[in-house]
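Visitor: Output the structure for:
(one chain, ligands or ions: 2)
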Amino acid sequence: MSILIAENVIKQYKQYDEVVTAVNRVSIKIEDGEFIAIIGASGSGKSTFLNLCAGLDRPNSGSIKIRGNDITQMKPDELSRFRGNFLGFIYQRHNLLPQYTALENILIPTIMCNKEEFRYEETLKKLIKALDLGSRLHHLPSELSGGQQQRVAIARAMINRPQVLFADEPTGNLDRENADEVLNLLLATKEQMGQTLLMVTHDLKIADHADKIYKMDNGELMLFKDKDGYKRNSFEKESTETKEAFN
Ligand SMILES: Nc1ncnc2c1ncn2[C@@H]1O[C@H](COP(=O)(O)OP(=O)(O)O)[C@@H](O)[C@H]1O
Ligand SMILES: [Mg+2]
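Guide: Ligands and ions are numbered 1, 2, ... in the order given. So this is what the prediction gives:
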C-alpha cells in the first residue's frame, strides 16, 4: 500500500526578479515501510522536496498525499496536528534545545501533542535501549558527542511513533565511523518500529541500504536504482532505442 503519493509537485522561489524552480513537476509513490534515499548535487532541490513532503513548506502546485490526506490542502493548525502525530523529522544539525537534557529533548513532541506518559512510556524504553542512550539521558546536548546528539535527535523524531520519518542528511556532520553507527541504529530502530523512511543523503554508501534510490537533478526527480539494479537515464534509453531501430 502506498503511504506517500506526490504528484506533479512544483516549488518556485523568487530571487529578486528571477524565478528559481527548486522542484520541477516531481512525482513519487512510496510504499508503506520502504526506505527511500534521494541523492543529488548541492542545490538540486533535495531539501526543498523533503520539506514539502514533511509539510514544513507548501508547493506552488501539485498534491502530496500521506495515507490519503492531501497535506498541501490542510489549514495550518490541521497540518501541525497531522505532522505531530504522523510525521517525524531528522535534520543534518541535530537542532536539540541546548538548555534541556537529552531526555527532555526526546519528550518535546509528546508535550506538543499532549500525550500522557502511559502512551509513550513503552516507546521511550525501546528507543533508549535501541539507540543506547541510557547513560546520557540527563546530560545537556553540549555534553554529548556528535553521534550521541544525533541519536537523541532520532529518538525525538520517533517518540510519537510517526508513520513516516524524513531525514535530511542525518549523518552529514559525522565522520565515517559515527555516520555508519548512527545509520545502523536508525535502520534497526526503523525496522523495529515499522516506519517508512525518506532520506536525503550525499553518501552513496548510505543510500545503498535503501530499497530504492532516486536522484534529484535540477529540480527533477528520477529513479536511479531499485532492487533490479541501476537505471539508465532516459537519454541513454532513447539513444539505445534509436540504435536498435537502425540495426
Ligand atoms: N528559501 C529559499 N529562497 C530562495 N531560494 C531557495 C530557498 N530555498 C532553496 N532555494 C533555492 O532552491 C534550490 C534548491 O535548494 P535546496 O532544496 O536547498 O537544494 P539541496 O538540498 O539539493 O542542496 C537552490 O537553487 C536554492 O538556492
Ligand atoms: Mg539540502
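Visitor: so the nearest residue to Lys65 once chain neighbours are set aside bridges to which residues?
Guide: Residue nearest to Lys65 in three dimensions, not counting chain neighbours: Ile5, with 4.7 Å by C-beta to C-beta, 6 or more residues apart in numbering. For the C-beta atoms, the positions are set from N, CA and C on the backbone; glycine is no exception. Under DSSP bridges, the beta-bridge partners of Ile5 are Lys29, Lys65.
Visitor: Ile5 against Asp32, yeah?
Guide: No: contact criterion C-beta atoms under 8 Å: Ile5 and Asp32 do not qualify, at 11.7 Å.
Visitor: confidence score at the residue nearest to Lys65?
Guide: pLDDT for Ile5: 98.
Visitor: Flag every residue of this protein that's near ligand 1.
Guide: Listed as neighbours of ligand 1 in the chain under the rule C-beta under 6 Å from any ligand atom: 13, 15, 20, 22, 40, 42-48, 216.
Visitor: Narrow the residues you listed to just the buried residues.
Guide: Using 16 or more other C-beta atoms under 10 Å as the burial test, the residues of the chain next to ligand 1 include 22, 40, 44-48, 216 as buried.
Visitor: Kindly reformat the residues you listed as JSON lines containing pLDDT and secondary structure.
Guide: Below are those laid out as JSON lines (pLDDT from 0 to 100; DSSP: H, G, I helix; E, B strand; the rest coil):
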{"residue": "Ala22", "pLDDT": "98", "secondary structure": "strand"}
{"residue": "Gly40", "pLDDT": "95", "secondary structure": "coil"}
{"residue": "Ser44", "pLDDT": "96", "secondary structure": "coil"}
{"residue": "Gly45", "pLDDT": "97", "secondary structure": "coil"}
{"residue": "Lys46", "pLDDT": "97", "secondary structure": "helix"}
{"residue": "Ser47", "pLDDT": "97", "secondary structure": "helix"}
{"residue": "Thr48", "pLDDT": "98", "secondary structure": "helix"}
{"residue": "Met216", "pLDDT": "97", "secondary structure": "strand"}
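Visitor: which one of those residues is nearest Pro109?
Guide: Ser47 (21.2 Å; C-beta to C-beta).
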